[in-house]
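J.: Here is the input, now give the coordinates:
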Amino acid sequence: MGSSSLLDPSGLGSGAVDLGGRTGAPTGALLQRKGARTEGWRTVKVVSLLTVFALAIQGFHPYAEDGGLYVAGIKKMLDPTLYAVRPEFVLAHLRFSPFAATVASVARVTHIPLAWVLLALDCGSVWATLFAGWMVITRCVDSLTGRCGAVALLACWLTIPIAGTSLMLMDPYVTARSVSTPLTLFAIAWAMDAMAGSWRGGVLCVLALLLAVVHPLMAGYALATIVVLLVVNASQPRVNRWGPGVLFGLALTGAGVVQALAPAESPQYVWAAMTRYYWFPLHWHWYELFGLAAPLLLLIALGHRPGNSRWQTLAWAALILGIVAGAVALAFSRIELQTHLVARLQPLRCFQIVYEVMILLLGAWVGERWLARRIWRWAAMLAVLGGAMFFVQRETYPASSHIELPRSAPSNPWSQAFVWIRENTAKDAVFALDSHYITRDGEDAQGFRGIAERNALPDYSKDGGEASITPALAAAWADGQAAQGGLNAESDGIREAKLKPLGVGWVVLDRGSTTAWMCPFVNQTVKVCRLP
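T.: Numbers count the residues shown, from 1 in each chain. Alright, predicted model coming up:
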């Protein structure tokens, strides 16, 4: 298994025996190659079918939530004349990752419209994540039912929320995490090969980690996972016994040093940081805290599998990772501390990896123990779990098409207004919207800048997130909140006095808002009005 490669996802390697009981004979080699090809094609077919299933569950909303932020950055790189006025909230996140530049380069070189590139990347990232999950679980179980159960459960739960972290396992839109997620699983699979003595596995693991830097923070947590995995798998008893404790101490000490050396924070930045409720686990709801405890308890229950050291190593590594991340967060991600740099690093994002491992092991166990080879049980699991997650996704984006295909007219009334703005206003126009517009019922978190290709004063939610990780933006974000708070209920005179000094020429208001300004676009929900 240690020498298995991407082309041999079964992990069977080169030790197959021919019909005469000999290894290495021509007939045996031929049968081995044929068996590897058969296994490989079966894997591709299973993963491809489950990819279609997963995409049908999660849908596709390219401009929603963080997807809208990334799309705006990509569009800025494709057309530098966009967002020319007040571009800081479009450009801020670009310095952290090469993701936007890479996607823009693909669209530019291939001449494929960006919307189609995003759709292809979304489909490819889901397929790659499921395939990487298959590679991980093949290092742990030999049975086909176990492997299929693991990846089927992963396909059902791709949109599961990660406790209270404001993350899902995978998003129904494209971000840098769409790439870092499968790369992290590939790194784990190849690290397990390296632990079995495969130098190729070690090289591929390092390569996957380097590519995962497309999302630097998640790449760091992927590296931490590999370190824990190596410590748990160490052949020296002393390392096994004391290594996890040493890692625990180093993590807490390192977080303490980071916290002590953090620069002072401005009042505007503290305000922005306090909007990130998910940074502070002591203020989560009980069910969000349960989302931290449940996977750890499941890993303890699943971790004991006699005779399968790789299964046990993976389970205990994920358990230790979760415990360490939880301890760091509880100690240093706290509202009352003087600075919030550790909270900004979001150590509980490690639980994305914890969830992935837990789901794979749980799915393998269910596949072997309950699903077995009974088709009706597989159908029942997919229908019940997949149907539940589909329902949640429809409730999350009720006013939008479940799969928003390129060139299709948006059904969401807010998106319709944003499209009109893109087609009928000047590129340098600056807009104002109610600062909480993105969380309004029926808005479905559709990003204004990504769709309208125009700039706007910073909103509370998404731009608050940008300000919370980029303190230099905090003052501009605070000004935006002051200018846009209560925008729908104010008089035209107050609106004009607050917005014109900030260069705003247009506003998006509720349809029922009172105004004497010219509003060339009106639909059942909103209207687009021009300042005099």
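J.: okay, residue 239: pLDDT?
T.: The predicted structure scores residue 239 at 81 on the pLDDT scale.
J.: Which strand or helix spans it?
T.: Assigned by DSSP states H and E, residue 239 belongs to helix 237-261.
J.: In that helix, which residues are buried?
T.: The neighbour-count check on helix 237-261 (16 or more other C-beta atoms under 10 Å) flags 243-244, 247, 251, 255, 258-259 as buried. C-beta here means a position set from N, CA and C on the backbone, and glycine is covered the same way.
J.: So which other helices or strands are in contact with it?
T.: helix 216-233, helix 309-332, helix 341-345 (3 or more C-beta pairs under 8 Å, 6 or more residues apart in numbering; DSSP states H and E).
J.: Turn those into TSV, columns for mean pLDDT, mean neighbour count and distance to residue 86.
T.: Below are the helices and strands packed on helix 237-261 laid out as TSV (pLDDT from 0 to 100; neighbours: other C-beta atoms under 10 Å; distance: least, C-beta to C-beta, whole Å):
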stretch	mean pLDDT	mean neighbour count	distance to residue 86
helix 216-233	94	21	26
helix 309-332	95	22	34
helix 341-345	94	20	24
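J.: Let me have these in TSV, extended by distance to residue 121.
T.: What follows is those, written out as TSV (distance: least, C-beta to C-beta, whole Å):
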stretch	distance to residue 121
helix 216-233	16
helix 309-332	27
helix 341-345	26
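J.: Could you point out which of those helices sits nearest residue 368?
T.: Proximity to residue 368 (C-beta to C-beta) singles out helix 309-332 among the helices and strands packed on helix 237-261, at 11.3 Å.
J.: Format the CA atom coordinates belonging to the closest one as CSV.
T.: Provided in CSV are the C-alpha atoms of helix 309-332 (Å, rounded to 0.1, in the frame of the first residue of the first chain):
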residue,chain,number,x,y,z
SER,A,309,-3.4,0.6,12.8
ARG,A,310,-4.0,3.0,10.0
TRP,A,311,-7.6,3.5,10.9
GLN,A,312,-6.7,4.0,14.6
THR,A,313,-3.9,6.4,13.6
LEU,A,314,-6.2,8.6,11.5
ALA,A,315,-8.9,8.6,14.2
TRP,A,316,-6.6,9.5,17.0
ALA,A,317,-4.8,12.2,15.0
ALA,A,318,-8.1,13.9,14.2
LEU,A,319,-9.2,13.6,17.8
ILE,A,320,-5.9,15.2,19.1
LEU,A,321,-6.2,17.9,16.4
GLY,A,322,-9.7,18.8,17.6
ILE,A,323,-8.8,18.8,21.3
VAL,A,324,-5.8,21.1,20.7
ALA,A,325,-7.7,23.5,18.5
GLY,A,326,-10.6,23.6,21.0
ALA,A,327,-8.2,24.3,23.9
VAL,A,328,-6.5,27.1,22.0
ALA,A,329,-9.8,28.7,21.0
LEU,A,330,-11.3,28.4,24.5
ALA,A,331,-8.2,30.0,26.0
PHE,A,332,-7.5,32.8,23.6
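J.: what angle separates it from helix 216-233?
T.: 130 degrees (axes from the mean of the first three to the mean of the last three C-alpha atoms, to 10 degrees).
J.: Could you list the low-confidence segments of the stretch 1-150 of the chain?
T.: 1-38 (pLDDT under 70).
J.: residue contacts, residue 489?
T.: Contact analysis of residue 489 by C-beta atoms under 8 Å, 6 or more residues apart in numbering lists residue 513.
J.: could you say which helix or strand contains it?
T.: Counting by DSSP H and E, no helix or strand carries residue 489.
J.: What distance do you get for it to residue 513?
T.: Separation of residue 489 from residue 513 (C-beta to C-beta, to the nearest Å): 7 Å.
J.: What of residue 442?
T.: Taking C-beta to C-beta as the measure, residue 442 and residue 513 are separated by 16 Å.
J.: Neighbour count for these two, which is higher?
T.: Neighbour count, other C-beta atoms under 10 Å: between residue 442 and residue 513, residue 513 has more, with 18 against 14.
J.: The more buried one is in contact with residue 528, isn't it?
T.: No: taking C-beta atoms under 8 Å as the definition, residue 513 is not a contact partner of residue 528, at 11.6 Å.
J.: Which neighbouring residues are in contact with the residue lying closest to residue 163 once chain neighbours are set aside, exactly?
T.: Spatial nearest neighbour of residue 163, excluding adjacent residues (C-beta to C-beta, 6 or more residues apart in numbering): residue 291 at 3.2 Å. Residue 291 is in contact with 161-164, counting by C-beta under 8 Å, 6+ apart.
J.: Please, a PyMOL command that selects the buried ones among the residues you listed?
T.: Provided next is the PyMOL selection string for whichever of those are buried by 16+ other C-beta under 10 Å:
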select buried, resi 162+163+164
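J.: picking that back up, for residue 155, which of the helices and strands packed on helix 237-261 is the nearest?
T.: By C-beta to C-beta (comparing all of the helices and strands packed on helix 237-261), the closest turns out to be helix 309-332, at 19.5 Å.
J.: Mind giving me the packing neighbours of the closest one?
T.: In terms of contacts (3+ C-beta pairs under 8 Å, 6+ apart), helix 309-332 is packed against helix 177-195, helix 216-233, helix 237-261, helix 286-303, helix 341-345, helix 351-366.
J.: relative to helix 237-261, how tilted is it?
T.: Here the directions of helix 309-332 and helix 237-261 differ by 30 degrees (the same axes, to 10 degrees).
J.: Distance from helix 309-332 to the middle of the chain?
T.: Relative to the chain's own centre, helix 309-332 is displaced by 20 Å; criterion: C-alpha atoms, centre = their mean, to the nearest Å.
J.: again with stretch 229-237
T.: Centroid separation between stretch 229-237 and its chain, computed with C-alpha atoms, centre = their mean, is 29 Å.
J.: For the helices and strands packed on helix 309-332, could you give me CSV that also reports distance to residue 62?
T.: Output for those, formatted as CSV (distance: least, C-beta to C-beta, whole Å):
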stretch, distance to residue 62
helix 177-195, 11
helix 216-233, 20
helix 237-261, 35
helix 286-303, 27
helix 341-345, 27
helix 351-366, 21
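J.: Could you look up the SS state of residue 507?
T.: Taken by DSSP: H, G, I helix; E, B strand; the rest coil, the conformation at residue 507 corresponds to strand.
J.: so who does it touch?
T.: Contacts for residue 507 (C-beta under 8 Å, 6+ apart) come out as 431-433, 487, 495, 499, 517, 528-529, 531.
J.: any idea how far it is from residue 190?
T.: Distance, residue 507 to residue 190, by C-beta to C-beta: 53 Å.
J.: confidence score at the residue nearest to residue 163?
T.: pLDDT, residue 291: 95.
J.: care to break this structure down by domain?
T.: Following automatic domain parsing, the chain resolves into domains at 26-58+114-396, 59-113+406-532.
J.: Could you pull up phi and psi at residue 461?
T.: Phi and psi for residue 461, reported as degrees, to the nearest 10, are phi -80, psi -70.
J.: 258 is where my numbering starts, stick with that
T.: All set: I'll call the first residue 258, so the last point we hit is now residue 718.
J.: Contact partners for the residue lying closest to it once chain neighbours are set aside?
T.: What sits nearest to residue 718 in space, not counting adjacent residues and going by C-beta to C-beta, 6+ apart, is residue 695, at 4.8 Å. Taking C-beta under 8 Å, 6+ apart, we find residue 695 in contact with 702-705, 716-719.
J.: Does residue 789 touch residue 774 like I think?
T.: Yes: with contact defined as C-beta under 8 Å, residue 789 and residue 774 form a contacting pair (6.3 Å).
J.: Please say which of those two ends up with more neighbours.
T.: Just comparing residue 789 and residue 774: by other C-beta under 10 Å the higher neighbour count belongs to residue 774, 15 against 10.
J.: Fine, thanks again, bye for now.
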